[in-house]
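[1] requesting a structural model of the entry that follows:
(2 chains)
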Number of protein chains: 2
Amino acid sequence: MEPVKVIELKKSIFEANDRDADNLRGELKARGVFLLNLMSAPGSGKTTTLIQTINRLKDKIRIAVMEADIDSDVDAIKIKEATGVESIQLHTGGMCHLDAEMTRQGLGGLQLGQTCISNQPDLVILENVGNLVCPAEFDTGAVKNAMILSVPEGHDKPLKYPLMFSVCDVVVINKIDVMPYFDFDLEKCKEYIHMRNPKATVIPVCAKTGEGIDAFAEWLLTQVKNWKS
Amino acid sequence: MEPVKVIELKKSIFEANDRDADNLRGELKARGVFLLNLMSAPGSGKTTTLIQTINRLKDKIRIAVMEADIDSDVDAIKIKEATGVESIQLHTGGMCHLDAEMTRQGLGGLQLGQTCISNQPDLVILENVGNLVCPAEFDTGAVKNAMILSVPEGHDKPLKYPLMFSVCDVVVINKIDVMPYFDFDLEKCKEYIHMRNPKATVIPVCAKTGEGIDAFAEWLLTQVKNWKS
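    Here you go, the predicted model:
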């Protein structure tokens, strides 16, 4: 069989917001606030994973959450009800990603500026728009990037969304409870992830049952402590 | 409990490509070529659904496929091997969506211009980038838009990605075989879809087993015939 034809379409230019993101990271460092940017495809279980993780950490560190969504505020309400931590909704107005300026607006909504230093969160989690493409291209100013890949999406995703996997420090593989019903090869998935990013930490979990969440919470707590020291 | 705070982030301006898309549709109409734009989140089963559908239709009409992806050409190869129809890969170079100009470049790759009228495809299927946000914002010039929502993504997706559901003429609900393992309410999902788009056709399928694919193939064949008449 002859090879398929491949046509390269030209890439449009996204406005760089790298300097703005670096500035924001500097401000967060000065305040001792750790910002995690959590990304994934739609429906991979970001909110459920966050609830489980926050409930394991909220007695150890102060946590606040920014839930970004095109529309609706169901996720911010869910987080607030299930964990009790401060949770705000960011509406992107149709935008497919968050950049550093939008993140800064969100942090303003958390009233970081008005809070005295002893009262401010140690950890702010930004739940980005459900999208494996655009959020990877915009540095939000976060200290670390995390992503969730869920089993039903398939183990080939690192091949198809290379940038997302290469910018993430940790990849949480969610919904491992349904592994028997899908053709998902965990070892192959890890291999593909490490092709994109040899340093990525991979943590399999089931957010529904809580399996594996301790490991993710532990990873996150270590990152927060390192940032504040 | 007090309501969560909601912050509206400003929407950036996307360059309109509506006129270009209308022109492309006009050219396709003159040639009697029907273009379907198929969208979904990553891992919802677009390629598998296409293979099943094409194999039911390829003896009735001439079909060609354009597989858009950030990177890799696994999907175009898969389609070609599994169906034998002409299949080309479009690399978007990191872009999160296709617009009318990119679609036109793809159609050029199918050599529509060089083909004599009796030899050209009746149906061209464009498999868009896996993304529930950006592809919905750019008219590709397609005659109809279709999307796939898979059961593991959850029945609440029409609430979170309103534009995608409102621009699609048909919503295929895939992976209905795993319904028992997920909290997915099909009736609620249909209700949410019709909130966004009262005219949307909803077709539940399992692309893995072929269940429900006849209905989608039938819908598609009717659209192609209407367009050519």
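[2] how close does the residue sitting nearest the centre point of chain A get to A:S150?
    The residue lying closest to the centre of chain A (C-alpha atoms, centre = their mean) is A:L38, at 0.8 Å. Separation of A:L38 from A:S150 (C-beta to C-beta, to the nearest Å): 13 Å. The C-beta positions use only the backbone N, C-alpha and C, and glycine is treated the same way.
[3] common neighbours of these two, please.
    Here A:L38 and A:S150 have no joint contacts, going by C-beta atoms under 8 Å, 6 or more residues apart in numbering or on different chains.
[4] got the buried residues for the longest helix seen in chain A?
    Using DSSP state H to define each element, chain A has its longest helix at helix A:213-228. Neighbour-count burial for helix A:213-228, counted by 16 or more other C-beta atoms under 10 Å in any protein chain shown, picks out A:213, A:216-217, A:219-221, A:223-224, A:227.
[5] mind giving me the packing neighbours of that helix?
    Applying 3 or more C-beta pairs under 8 Å, 6 or more residues apart in numbering or on different chains; DSSP states H and E, one finds that helix A:213-228 makes contact with strand A:34-40, helix A:46-57, strand A:170-174, strand A:201-204.
[6] between strand A:34-40 and it, find me the angle.
    Counting by axes from the mean of the first three to the mean of the last three C-alpha atoms, to 10 degrees, helix A:213-228 points 140 degrees away from the direction of strand A:34-40.
[7] gap between helix A:213-228 and the chain center?
    On the basis of C-alpha atoms, centre = their mean, to the nearest Å, helix A:213-228 sits 14 Å off its chain's mean C-alpha point.
[8] would you check that the residue nearest to the centre of chain A makes contact with A:P135?
    No. Checked against C-beta atoms under 8 Å, the pair A:L38 and A:P135 is beyond contact range at 9.6 Å.
[9] find the residues that touch each one of these two.
    Contacts common to A:L38 and A:P135, judged by C-beta under 8 Å, 6+ apart, are A:N128.
[10] can you show me the helices along chain A?
    Secondary structure of chain A, counting by DSSP H: helices at A:18-31, A:46-57, A:74-83, A:100-109, A:157-160, A:162-167, A:186-196, A:213-228.
[11] quick one on the thing from earlier: if the residue nearest to the centre of chain A is in a bridge, with which residues?
    Beta-bridge partners for A:L38, by DSSP bridges, are A:E127, A:A146.
[12] hmm, A:K80 is touching A:S87, no?
    Yes. Counting by C-beta under 8 Å, A:S87 is a contact partner of A:K80 at 4.2 Å.
[13] which one's more surrounded, those two?
    A:S87 (27 against 21; other C-beta atoms under 10 Å in any protein chain shown).
[14] mind showing which ranges of chain A have poor pLDDT?
    Where chain A drops to pLDDT under 70, the residues are A:1-16, A:111-118.
[15] re the thing from before, chain B: which of the buried residues of helix A:213-228 is nearest?
    Of all the buried residues of helix A:213-228, chain B sits closest to A:I213, with 18.5 Å by C-beta to the nearest C-beta.
[16] got the CA positions of stretch A:186-197 in PDB?
    Output in PDB follows, covering the C-alpha atoms of stretch A:186-197 (Å, rounded to 0.1, in the frame of the first residue of the first chain):
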ATOM      1  CA  LEU A 186      -1.000   1.500  30.500                       C
ATOM      2  CA  GLU A 187       2.600   0.600  29.700                       C
ATOM      3  CA  LYS A 188       2.300   1.700  26.100                       C
ATOM      4  CA  CYS A 189       0.700   5.000  27.400                       C
ATOM      5  CA  LYS A 190       3.600   5.600  29.800                       C
ATOM      6  CA  GLU A 191       6.100   4.900  26.900                       C
ATOM      7  CA  TYR A 192       4.300   7.500  24.700                       C
ATOM      8  CA  ILE A 193       4.200  10.000  27.500                       C
ATOM      9  CA  HIS A 194       7.900   9.700  28.100                       C
ATOM     10  CA  MET A 195       8.600  10.000  24.400                       C
ATOM     11  CA  ARG A 196       7.100  13.500  24.700                       C
ATOM     12  CA  ASN A 197       8.400  14.300  28.100                       C
END
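[17] flag every buried residue along it.
    For stretch A:186-197, the buried set under the neighbour-count rule, 16+ other C-beta under 10 Å, comprises A:189-190, A:192-193, A:196-197.
[18] quick one, what contacts the residue nearest to A:G212 when sequence neighbours are not counted?
    Leaving aside its sequence neighbours, A:G212 sits nearest to A:V205 (C-beta to C-beta, 6 or more residues apart in numbering or on different chains; 3.4 Å). Listed by C-beta under 8 Å, 6+ apart, the contact set of A:V205 reads A:49, A:172-174, A:176, A:211-213, A:215-216.
[19] can you flag the buried ones in the residues you listed?
    A:49, A:172-174, A:176, A:212-213, A:216.
[20] counting neighbours, what do you get for A:P180?
    9.
[21] ugh, typo on my part, it should be A:R19
    A:R19: 10 neighbours (other C-beta under 10 Å).
[22] ok, A:D185 next?
    Neighbour count for A:D185, taken as other C-beta under 10 Å: 14.
[23] next one: A:T209 from chain B, what distance?
    Noted for A:T209: a distance of 12 Å to chain B, by C-beta to the nearest C-beta, to the nearest Å.
[24] which one is that residue nearest to, not counting chain neighbours?
    That would be A:D177: by C-beta to C-beta, 6+ apart, it lies 6.3 Å from A:T209.
[25] contact partners for the one you found?
    A:206, A:208-209, A:211, B:181.
[26] do the same with A:D156
    Counting by C-beta under 8 Å, 6+ apart, A:D156 makes contact with A:192, B:74.
[27] how close does it sit to B:E211?
    Computed with C-beta to C-beta, the distance linking A:D156 and B:E211 is 23 Å.
[28] ditto for A:A215
    37 Å.
[29] apart from its chain neighbours, what residue comes closest to A:L159?
    According to C-beta to C-beta, 6+ apart, the nearest residue to A:L159 is B:S72 (5.0 Å).
[30] ok, the one you found - how many residues close by?
    For B:S72, the neighbour count with other C-beta under 10 Å is 17.
[31] that one and A:Y161 touch, don't they?
    No. Using C-beta under 8 Å, B:S72 is not in contact with A:Y161, being 9.6 Å away.
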